[in-house]
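1. Have a look; sequence and predicted model below, questions after that.
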Amino acid sequence: MAAHPLEIACLICLGVVGFTYLGYPALIWACSRLFGRGDAPPERGDDELPTVSLLIAAHNEELDIEARILNALAQDYPKGKLEVVIASDGSTDGTNEIVRRYARHGVRLLAYPENRGKAAVLNRSVPELAADIVVLSDANTHMEPTAVRRMAARFRDASIGVVCGKLVLVDPRSGQNVDGVYWKYETFLKKCESRLGALLGANGAIYAIRRRLFPVVRANTLIDDFVIPLDAKLRSGGRIVYDPGAVAVEDTAPTMRAEFRRRVRIGAGGYQSIGMLWPLLSPVNGWVAVTFFCHKILRWVCPFFLLAALVANAVALGTPSANRLFAVQLGFYALAAVGPVLPARPRVLRYLRLPAMFVTMNLALFVGFFRWLFGSQSGTWARTERTAPAAPPGAPVVDPDPVQTAPAAGV
């Protein structure tokens with residue numbers, strides 16, 4: 001008996017989802033081995049290293065900003081070649097006052113009166129910098145002491161425009177590494193795509209870009225760390241490379257609700273970015289066109305394929321094969337519903353949480369699509385509640401200046 005046309009449509013939809021999450025990783029791994037290249041970071045003496053501005057965008061970060069400044073000052077980089085700049089985006093707490101205390105240690109404050117969003121503050125701040133290389137980071141990120149040196153050394157290769165570091169996620173309470181399956185999966189894809197010269201975007205917590213390549217992006221850009229590197233590549237052809245030895249550490253979101261809001265914002269930003277970066281889909285862009293379509297475009301449309309598969313299957317019920325397929329789909333979603341309450345032990349139960357993670361991620365993309373469609377996702381930011389950190393290990397003992405009353409620079 002011939003399969004119902006809607007049953008076939010269901011299988012096609014599920015096939016697209018399966019290729020996106022399973023087939024593409026296998027394909028990009030094989031291609032990176034066959035056609036990719038590895039490039040070890042060069043060793044450079046202090047005299048050969050470029051000047052660097054470490055730019056940290058912040059909004060109401062009085063609980064984190066001092067620890068972040070101490071971490072920045074602990075970077076192993078030649079004296080006189082690294083400046084630390086805090087771009088305060090309409091902060092109304094004590095952030096600006098804390099930054100001013102470190103002025104005599106070379107920390108510069110660019111204080112803006114209005115909260116206009118990270119993309120807007122980066123557009124305004126980068127022209128204020130004089131260094132050859134701009135390292136971008138966040139107020140709740142701690143970099144290892146060699147991170148800036150490793151990224152800056154990469155720019156000896158004139159073909160490189162952007163260097164993306166490795167972000168390690170830790171539990172804010174225990175401080176332990178909690179990189180999950182999904183984060184390891186994404187890191188694996190980064191390594192493969194980097195070997196092909198087709199890395200997509202960067203980690204906003206740790207990446208470096210040649211200042212002359214920094215593009216002016218729309219002020220309401222939602223995922224600037226994706227758009228800025230790819231816009232720079234689109235305009236200049238410069239390579240984006242991944243350096244897993246340039247490490248930064250960041251706390252995970254404190255609650256599932258905060259993590260879901262973050263994913264919704266990223267989802268809305270993904271749909272928004274298509275209108276900005278669609279020329280990358282041209283075949284003339286080679287591997288970048290492949291990775292942009294398979295890794296990003298297909299992933300962003302997966303929620304709609306999943307919904308279409310379920311609806312088509314429901315309408316096609318009545319044949320044994322359609323009934324079995326529908327039961328499998330319902331079983332998967334039932335497992336996703338109970339996944340969050342499963343215990344962490346034994347270890348095998350952790351893998352039963354994967355359906356919940358998968359469904360939650362696609363639900364966030366679905367919500368993000370409508371946030372983007374109706375323009376309800378704002379480009380401005382509000383500080384995510386975090387555990388207040390102590391000074392990072394290895395931070396120098398710095399005697400801050402007394403609180404200053406002079407106006408901040410860059411207003």
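-> Good, I have the coordinates. Numbers count the residues shown, from 1 in each chain.

2. How far does the strand ranked longest in the chain sit from its chain's centre?
-> Criterion DSSP state E: the longest strand present in the chain is strand 239-251. Strand 239-251 sits 11 Å away from the centroid of its parent chain (C-alpha atoms, centre = their mean, to the nearest Å).

3. which secondary structure elements does that strand contact?
-> strand 141-143, helix 147-154, strand 160-170, helix 181-195, strand 206-210, helix 224-236 (3 or more C-beta pairs under 8 Å, 6 or more residues apart in numbering; DSSP states H and E). Bear in mind the C-beta positions are built from the backbone N, C-alpha and C, glycine included.

4. and the angle from the fifth one to helix 147-154?
-> By that I understand strand 206-210. On the basis of axes from the mean of the first three to the mean of the last three C-alpha atoms, to 10 degrees, strand 206-210 is oriented at 40 degrees to helix 147-154.

5. Three-state assignment for residue 136, please.
-> At residue 136 the chain is in strand, as set by DSSP: H, G, I helix; E, B strand; the rest coil.

6. would you say residue 43 is within a strand?
-> No: looking at residue 43 with three-state DSSP, it is coil, so not inside a strand.

7. Who are the contact partners of it?
-> residue 153 (C-beta atoms under 8 Å, 6 or more residues apart in numbering).

8. quick one, phi/psi of it?
-> Residue 43 adopts backbone torsions of phi -90, psi 130, taken as degrees, to the nearest 10.

9. now do residue 81
-> Reported as degrees, to the nearest 10, the phi and psi values for residue 81 are phi -110, psi 0.

10. quick revisit: note down every partner strand of the longest strand of the chain and its orientation.
-> Using DSSP bridges, the strands paired with strand 239-251 are strand 141-143 (antiparallel), strand 160-170 (parallel).

11. hey, which of those strands is tucked in deepest?
-> Counting by mean count of other C-beta atoms under 10 Å, strand 141-143 has the highest mean neighbour count of the strands paired with strand 239-251, with a mean of 26.

12. what's next to stretch 254-270, contact-wise?
-> Here stretch 254-270 has contacts from 172, 221-223, 226-227, 252-253, 296, 300, 340, 360-361, 364-369, 371-372, 377, 384-387, using C-beta under 8 Å, 6+ apart.

13. Please name the nearest non-neighbouring residue to residue 167.
-> residue 203 (4.3 Å; C-beta to C-beta, 6 or more residues apart in numbering).

14. Report the contact partners of that neighbour.
-> 164-167, 225, 248.

15. Does residue 365 touch residue 306 like I think?
-> No: contact between residue 365 and residue 306 fails when scored by C-beta atoms under 8 Å: they sit 9.9 Å apart.
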